[in-house]
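Peer 1: got a predicted structure plus its sequence, pasted below:
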Amino acid sequence: MMRTDPFHRAANILRENQPAVAFTGAGVSAASGIPTFRAADGVWARFPVEEYGTADAFTRDPERCWKLFGELSRQLGDIRPNRAHQGLARLEEIGLLDAVITQNIDNLHQRAGSRRVIELHGTAATAHCPRCKRRFRSEELPTWPPAPRCPECRAVVRPDVVLFGDPMPVDAMEQAHRLIDAAGTVLAVGTSLQVLPASWLVLEAARRRVPVILVDPSPSPDARRAATVVLQAPAEEAIPALVEIFAA
Ligand SMILES: [Zn+2]
């Protein structure tokens, strides 16, 4: 029985179908305490993204948008990578994972030690001045409130995250396409595979018969159909269990 359980099947697929690339979403950071869109009492309920997190809203009233950005960066400052991030970094270290493509903006893959991380939705770790284009590390900005301003030109600084209404970052999308095109295995972790255009990358790989290992505690029927093997568990449990097989 041991050899046919999903974790050993996934390990065999990963070993035999290199190179592998991981594709991660919110579920990988859930155990780190990242607030999700759906949490009714969270920051998103107080500052709805349609109102505070769009490119238009920032152009109209950047100080107001910083109510959302400031609250998010305060929460992001308190969190740490969890065992899912650490396990993915370990897979890269032992040569079984080429890169992580992520929809997350929390910088936790890098902090866990992943070296090659493609951020499809940008990052909260850096920011820029929309007027003079000066760049900042978020930790060097003065703590909100008030909204941080560029020391050169006094414009309100913008986090390097993809807001609703922004185009997807071209470089990141191209790198992601190249990685998925070359992949022998796709490890999809903590993503519902329902957000376009990112999910298209994974479903396209599945359509080309590239094995997809899906880590999701409650996979949708579509995601289940796309997957070669489903590890039905939270990322912070499934990824360490997978890594452990290679250590044995
Ligand atoms: Zn400036």
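Peer 2: Good, I have the coordinates.
Peer 1: which segments of this structure make up each domain?
Peer 2: What automatic domain parsing lists as the domains of the chain is 1-32+81-121+168-248, 35-78+122-161.
Peer 1: dump these to JSON lines, plus distance to the ion, mean pLDDT and mean neighbour count.
Peer 2: (Each C-beta comes from the backbone N, C-alpha and C, glycine too.) Listed next are the domains of the chain as JSON lines, based on distance: least, Cβ to the ion, whole Å; pLDDT from 0 to 100; neighbours: other Cβ atoms under 10 Å:
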{"stretch": "domain 1-32+81-121+168-248", "distance to the ion": "21", "mean pLDDT": "93", "mean neighbour count": "19"}
{"stretch": "domain 35-78+122-161", "distance to the ion": "3", "mean pLDDT": "89", "mean neighbour count": "16"}
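Peer 1: distance of the residue nearest to Ala84 when sequence neighbours are not counted from Glu119?
Peer 2: Leaving aside its chain neighbours, Ala84 sits nearest to Ala235 (3.7 Å; criterion: Cβ to Cβ, 6 or more residues apart in numbering). As judged by Cβ to Cβ, to the nearest Å, Ala235 and Glu119 stand 18 Å apart.
Peer 1: and what of Ala84?
Peer 2: 17 Å.
Peer 1: so what's the residue nearest to Ala84 up against?
Peer 2: Residues near Ala235 by Cβ atoms under 8 Å, 6 or more residues apart in numbering: 24, 27-28, 30-31, 82, 84, 189-190, 215.
Peer 1: isn't Phe202 up against Ala226?
Peer 2: Careful, residue 202 is Val and not Phe. Yes: using Cβ atoms under 8 Å, Val202 is in contact with Ala226, at 6.8 Å.
Peer 1: what's the overlap in contacts for the two?
Peer 2: By Cβ under 8 Å, 6+ apart, the residues touching both Val202 and Ala226 are 193, 212.
Peer 1: tell me the secondary structure for Ile34?
Peer 2: coil (DSSP: H, G, I helix; E, B strand; the rest coil).
Peer 1: how about the contacts made by it?
Peer 2: Contacts of Ile34 (Cβ under 8 Å, 6+ apart): 26, 75-76, 79, 104, 106.
Peer 1: give me that answer again for 6 Å
Peer 2: Asp106 (Cβ atoms under 6 Å, 6 or more residues apart in numbering).
Peer 1: which pLDDT does the model give it?
Peer 2: pLDDT, Ile34: 75.
Peer 1: returning to what we had before: quick one: the contacts of Ala235 as JSON lines, columns for secondary structure too.
Peer 2: Shown next, in JSON lines, are the contacts of Ala235 (three-state DSSP):
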{"residue": "Thr24", "secondary structure": "strand"}
{"residue": "Gly27", "secondary structure": "helix"}
{"residue": "Val28", "secondary structure": "helix"}
{"residue": "Ala30", "secondary structure": "helix"}
{"residue": "Ala31", "secondary structure": "helix"}
{"residue": "Asn82", "secondary structure": "coil"}
{"residue": "Ala84", "secondary structure": "helix"}
{"residue": "Val189", "secondary structure": "strand"}
{"residue": "Gly190", "secondary structure": "coil"}
{"residue": "Val215", "secondary structure": "strand"}
